[in-house]
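Trainee: curious how this folds, go ahead:
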Amino acid sequence: MDASRTSQMKAISCILVLLALVGCGNKPAIPVFSVQGQVFFQGKAAAGALVVFHPDSTEENQPIPRGRAGKDGRFQLTTRSKDDGAPAGRYRVTIVWRDQKDEDEDSGPNRLPRQYGLPNLTPLRVTVKESDIKLEPFRIDSE
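Mentor: Residues are numbered from 1 along each chain as shown. Below you'll find the predicted structure:
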């Protein structure tokens with residue numbers, strides 16, 4: 001093969017590699033829907049509780065929406081940006097309520113019964129449909 005033919009082949013190879021890389025990135029974002037709720041433990045708002053929605057789906061790389069309860073126990077889920085919501089689907093809901101040193105850091109034992117903090121044991125299940133949703137409050141009464 002002559003030098004110009006080799007150069008052409010290399011150029012074509014580089015272009016194909018670049019096209020493949022561009023085609024593999026930037027998958028369309030999964031749509032999310034506003035999800036709001038409230039958490040109570042023994043009749044009182046669980047201020048600062050962390051609520052996490054674990055997808056029931058077996059697909060890999062599923063987002064795990066989460067939200068932090070405010071003083072009144074209300075939370076909004078976040079998947080990509082603050083309070084944007086969650087993708088449609090079925091979820092196992094865990095709630096962990098620890099003392100907070102600051103807004104983002106929890107410490108100490110979970111104040112809620114153990115089962116509520118473990119995805120495989122939690123009795124809480126939610127289905128997010130393709131519309132905004134306001135959940136019935138999560139009322140945890142057992143110790």
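Trainee: show the model's pLDDT score for residue 18.
Mentor: In this model, residue 18 is scored at 47, pLDDT.
Trainee: before we move on, what about residue 21?
Mentor: 47.
Trainee: please apply the same query to residue 143.
Mentor: Model confidence at residue 143, given as pLDDT, is 60.
Trainee: mean confidence for stretch 89-109?
Mentor: For stretch 89-109, the per-residue pLDDT averages 83.
Trainee: do stretch 57-72 as well
Mentor: 91.
Trainee: can you give me the first-to-last residue distance of it?
Mentor: Stretch 57-72 has its terminal residues 31 Å apart, counting by C-alpha to C-alpha, to the nearest Å.
Trainee: how about stretch 132-142?
Mentor: Stretch 132-142 end-to-end distance (C-alpha to C-alpha) = 30 Å.
Trainee: in that stretch, what's buried?
Mentor: Buried residues in stretch 132-142, defined by neighbour count with 16 or more other C-beta atoms under 10 Å: 133, 135, 138, 140. From N, CA and C alone the C-beta is placed, and that goes for glycine too.
Trainee: now the two most distant members of the residues you listed.
Mentor: Maximum pairwise distance among these (C-beta to C-beta): 19.9 Å, between 133 and 140.
Trainee: all strands for this protein, in order.
Mentor: Using DSSP state E, the strands of the chain run over 35-41, 44-45, 50-55, 66-68, 74-76, 89-96, 99-100, 106-107, 125-128, 133-134, 138-140.
Trainee: can you show me the helices along this structure?
Mentor: Counting by DSSP state H, the chain has helices at residues 3-24.
Trainee: next, format the strands of the chain as JSON lines and append distance to residue 115.
Mentor: Formatted as JSON lines, the strands of the chain follow (distance: least, C-beta to C-beta, whole Å):
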{"stretch": "strand 35-41", "distance to residue 115": "13"}
{"stretch": "strand 44-45", "distance to residue 115": "19"}
{"stretch": "strand 50-55", "distance to residue 115": "14"}
{"stretch": "strand 66-68", "distance to residue 115": "18"}
{"stretch": "strand 74-76", "distance to residue 115": "19"}
{"stretch": "strand 89-96", "distance to residue 115": "9"}
{"stretch": "strand 99-100", "distance to residue 115": "20"}
{"stretch": "strand 106-107", "distance to residue 115": "18"}
{"stretch": "strand 125-128", "distance to residue 115": "13"}
{"stretch": "strand 133-134", "distance to residue 115": "24"}
{"stretch": "strand 138-140", "distance to residue 115": "10"}
